[in-house]
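Colleague: Here is the input, now give the coordinates:
(2 chains)
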Amino acid sequence: MAFFLETLLGGLMSGMLYSLVALGFVLIFKASGVFNFAQGAMVLFAALAMARFSEWIPAWLGMDNLFMANVLAFAVSVAIMFVVAWLIERLALRYLVNQEGATLLMATLGIAYVLDGFGQTIFGSDIYKIDVGMPKEPVMMLESVFEGGILINKEDFIAALIAALLVISLSVFFQKTATGRALRAVAADHQAAQSIGIPLGRIWVIVWCVAGITALVAGIIWGSKLGVQFSLTTIALRALPVVILGGLTSVPGAIIGGLIIGVGEKLSEVYLGPYVGGGIEIWFAYMLALVFLLFRPQGLFGEKIIDRV
Amino acid sequence: MKLRKLVVTASLAAIGLSAALTAPATFAAEEQFFPVLAYRTGAYAPNGTPWANGYVDYLKLTNARGGVNGVKLIWEECETGYATDRGVECYERLKGKHGGATVVQPLSTGITFALTEKAPVDKIPVITAGYGRSESQDGSVFGWNFPLVGTYWMGADVLVQHIAKKEGGFDKLKGKKIALVYHDSPYGKEPIALLQERAKMHGFELSLLPVAHPGVEQKATWLQIRQHKPDYVFLWGWGVMNSTSLKEAQATGYPREKMYGIWWAGAEPDVKDVGDGAKGYNALAMQHGAEPGSKVVKEILEKLHAKGQGTGPKEEVGQVLYMRGLISAMLAVEGMRAAQERFGKGKRITGEQMRWGLEHLNLDQKALDNLGLAGVMRPVQTSCLDHMGSAWARVHTWDGKKWNFTSDWYQGDEKVLRPMVISAAGKYAEEKKIVRRTAEDCKK
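Modeller: Numbering: from 1, shown residues only, chains lettered A, B, ... in the order given. Presented below is the predicted three-dimensional model:
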């Protein structure tokens, strides 16, 4: 029982981390109707910026205060992600207004390759460290109830809390602010939104900026956990089944989807894996998402599209 | 519009510049071409890059030393990204360039499997120093594969020997539990046959835990380790998988002192990001470890890096994977030298002649001293039938800042390895309808 609970909790916390990346997909799709294939590359780019500037800034300024170095590096990284967002709008998206979704998807695929290559060119392709003081050692809980207790990873727990906080902030932003409503209007129909005076270019820059900050938070958490290196881009692939399951337009869906995928893949690996040779958690997540698609093509919380003939 | 023009112009300029900066492209009679299959981008770049830097630096050093009997080395690098399809594409692209390739080193077991079929047709030896197919040690069947100085079966055998020694003898392994955490790829699967054989012999329980590429998600794996509580964990990872394993071990409280990695899981990129969390972690050192004080490293720093001609950062020279690349290049260069001794000093050699050279490597202590490798590795001798040659390994342990040797030298137990090699090579020969080379064939 204790082992089952450990696996379950481990899955829930992993799921929250997937949700962080899935949020980036949802944000951009919700606000612009673009399926952003570059989300993984943005996570890597943001994490690389954070890791390198937290290393360079103390060297440049001759300071040894880790907290200040991280704060400054975070500020610089946010600025860099804003510039990236502006450049994406300026160089790619503004030429693709009212184009088919597939065209926009292909454009984001190109953006992913550019960000991957450019990021590694300027920041390097080694493994870099982000040290934001996350605890690495585990804690044991309920030792009086279960023999040996239940192991909790403090780092994952804190990361899950940060993810939850980010989700609440984004939900408020989308539901309660004028900009949030404008973003949703643009997503519903580019032309209609333009016709009522919503500046499409500015809205796209804003949404890519928000997605950039989400990518930065995800990059810091994943980078602190795994080290900052190219494989962070593959985290986006882990978030794909999450958005399929949760629905591309729902922020809560990204969270619930993340939790279901996280728990599903951990339980499947531990309890089914030994019977089929192991290493099944990646494809199991996709299989789970596909099964959901059979019954709810729009995902758990996605908007049902009804075309009137 | 202006911006577009600027981007196009900058791109063209960058392409032109990169073409100009690649290795010499003109072919002359006294030059020998070495294709360099490397990966400096992608998930495995942190480990592939130092290997490639060491490899290229040694080729440069050889030229700085005057070439091989006057024959200068030229090379061209191709990015494989550790992907088998791209590796094969690189091989096809480079094999005919600059007078033709006479040796290739793919740095990937997956690519090695693909090239094993091509090498006999193209007559290009494939050196896989410390990786590749273990049964390719049998030169009578695998005429063009050279798993020089170590195979995975040998590495796995040494790990079992080491823990048996720690426990007080092979009989003490009975009832012990060993978990193999491995990269779910041809590379990671290689040691399984040997470990299963050893498990049968000594009665230990072996559990197999595959980790999917690239290895960043291992929570379920380490929860299983926490549940089963193995006495030892063998780590057969590459790239980010290694550091992730160490971090998960820390997060689940598994003692790093009980973890043993293969030589591809025992370098600086695997532990530096983990720092103190990796303290006590052990890995095999395939002959060499980190060798910053060696003569060859000092020579490279002096002749190349001091003049701004080095490859990669100066700080990396002498690190574990840099040394692995350097030694891999050295083995190819010495194969070329041996071939020249037989077929004509100061002349370009062919792929078949290179094979002869690699089958007659005799790097005794004096030769190693002359190459600046005293204390870095032990003598190596190959033969037509033994394409691995003398293979030695040690264990080194991470102390939080650097690797330190913590064991004596080991060799694989031939009584265990030889029958496995002969049997697996025999099956391959039967499947591919290969006629074993005889002693007469070896003289050619």
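Colleague: hey, let's count contacts and neighbours off CA atoms from now on
Modeller: Noted.
Colleague: Write out the residues of the stretch 1-150 of chain B neighbouring chain A.
Modeller: B:40, B:41, B:42, B:43, B:45, B:46 (Cα under 8 Å from any Cα of the partner chain).
Colleague: which one is residue 259 nearest to, not counting chain neighbours?
Modeller: Let's take chain A. Spatial nearest neighbour of residue A:259, excluding adjacent residues (Cα to Cα, 6 or more residues apart in numbering or on different chains): residue A:15 at 4.3 Å.
Colleague: Can you look at chain B instead?
Modeller: residue B:233 (4.8 Å).
Colleague: now for the helix or strand harbouring that neighbour, which elements pack on it?
Modeller: In the assignment (DSSP states H and E), residue B:233 maps to strand B:232-236. Packing partners of strand B:232-236 (3 or more Cα pairs under 8 Å, 6 or more residues apart in numbering or on different chains; DSSP states H and E): strand B:177-183, strand B:259-261.
Colleague: who in the stretch 201-309 of chain A is up against chain B?
Modeller: A:225-227, A:229-231, A:266-267, A:269-270, A:277-280, A:282.
Colleague: The longest helix along chain B: what's the following helix or strand?
Modeller: Longest helix in chain B by number of residues (criterion: DSSP state H): helix B:320-343. For helix B:320-343, the following helix or strand on the C-terminal side (DSSP H and E) is helix B:351-359.
Colleague: Next, give phi and psi for residue B:398.
Modeller: Dihedral angles of residue B:398 (phi, psi; degrees, to the nearest 10) stand at phi -90, psi 130.
Colleague: Tally up the residues packed near it, please.
Modeller: 25 (other Cα atoms under 10 Å in any protein chain shown).
Colleague: and what of residue A:86?
Modeller: Residues near residue A:86, counting by other Cα under 10 Å, number 20.
Colleague: thought it was touching residue A:201?
Modeller: No: counting by Cα atoms under 8 Å, residue A:86 does not reach residue A:201; the two are 9.3 Å apart.
Colleague: still on that earlier bit, looking at the helices and strands packed on strand B:232-236, which one is packed in the most?
Modeller: strand B:259-261 (a mean of 25; mean count of other Cα atoms under 10 Å in any protein chain shown).
Colleague: could you say what helices and strands the helix or strand following that strand packs with?
Modeller: Sequence-wise, the next helix or strand downstream of strand B:259-261 (DSSP H and E) is helix B:268-271. Packing partners of helix B:268-271 (3+ Cα pairs under 8 Å, 6+ apart): helix B:240-252.
Colleague: so the helix it packs on versus strand B:232-236, what angle?
Modeller: For helix B:240-252 against strand B:232-236, the angle by axes from the mean of the first three to the mean of the last three Cα atoms, to 10 degrees is 150 degrees.
Colleague: hmm, who's touching helix B:240-252?
Modeller: Here helix B:240-252 makes contact (Cα atoms under 8 Å, 6 or more residues apart in numbering or on different chains) with A:136-138, A:151, A:153, A:225-226, A:229, A:231, B:43-44, B:183, B:214-219, B:222-223, B:226, B:235, B:255-256, B:265, B:269-271, B:273-274, B:277-278.
Colleague: Per-residue pLDDT of residue 122, please?
Modeller: In the absence of a named chain, this looks at chain A. pLDDT for residue A:122: 92.
Colleague: switch to chain B, that's the one I care about
Modeller: pLDDT, read off for residue B:122, is 96.
Colleague: One more: residue A:285?
Modeller: We note a pLDDT of 88 for residue A:285 in this prediction.
Colleague: quick one: contacts for it?
Modeller: A:238, A:241, A:261, A:264, A:265.
Colleague: Now it: which helix or strand?
Modeller: helix A:281-295.
Colleague: Now that helix: buried residues?
Modeller: By 16 or more other Cα atoms under 10 Å in any protein chain shown, the buried positions in helix A:281-295 come out as A:281, A:282, A:284, A:285, A:286, A:288, A:289, A:290, A:292, A:293.
Colleague: CSV for those, including distance to residue A:127?
Modeller: Putting the buried residues of helix A:281-295 into CSV (distance: Cα to Cα, whole Å) gives the following:
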residue, distance to residue A:127
A:281, 25
A:282, 23
A:284, 29
A:285, 27
A:286, 28
A:288, 32
A:289, 32
A:290, 34
A:292, 37
A:293, 37
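Colleague: what residue ranges in the stretch 1-150 of chain B are flagged as low confidence?
Modeller: B:1-29 (pLDDT under 70).
Colleague: Kindly apply the preceding question to the stretch 301-444 of chain B instead.
Modeller: B:444.
Colleague: what ranges do the strands span in it?
Modeller: B:362-363, B:380-381, B:393-398, B:403-405 (DSSP state E, counting those that start in this stretch).
Colleague: And chain A, by the same measure?
Modeller: All strands of chain A, identified by DSSP state E, fall at A:138-141, A:150-153.
Colleague: hang on, the earlier thing: export the helices and strands packed on strand B:232-236 as a markdown table, with columns for mean pLDDT.
Modeller: Shown next, in a markdown table, are the helices and strands packed on strand B:232-236 (pLDDT from 0 to 100):
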| stretch | mean pLDDT |
| --- | --- |
| strand B:177-183 | 97 |
| strand B:259-261 | 98 |
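Colleague: JSON lines please, covering these and showing distance to residue A:110.
Modeller: Formatted as JSON lines, the helices and strands packed on strand B:232-236 follow (distance: least, Cα to Cα, whole Å):
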{"stretch": "strand B:177-183", "distance to residue A:110": "30"}
{"stretch": "strand B:259-261", "distance to residue A:110": "38"}
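Colleague: Quick one: closest of the ones you listed to residue A:100.
Modeller: Smallest distance to residue A:100 across these (Cα to Cα): 40.1 Å, for strand B:177-183.
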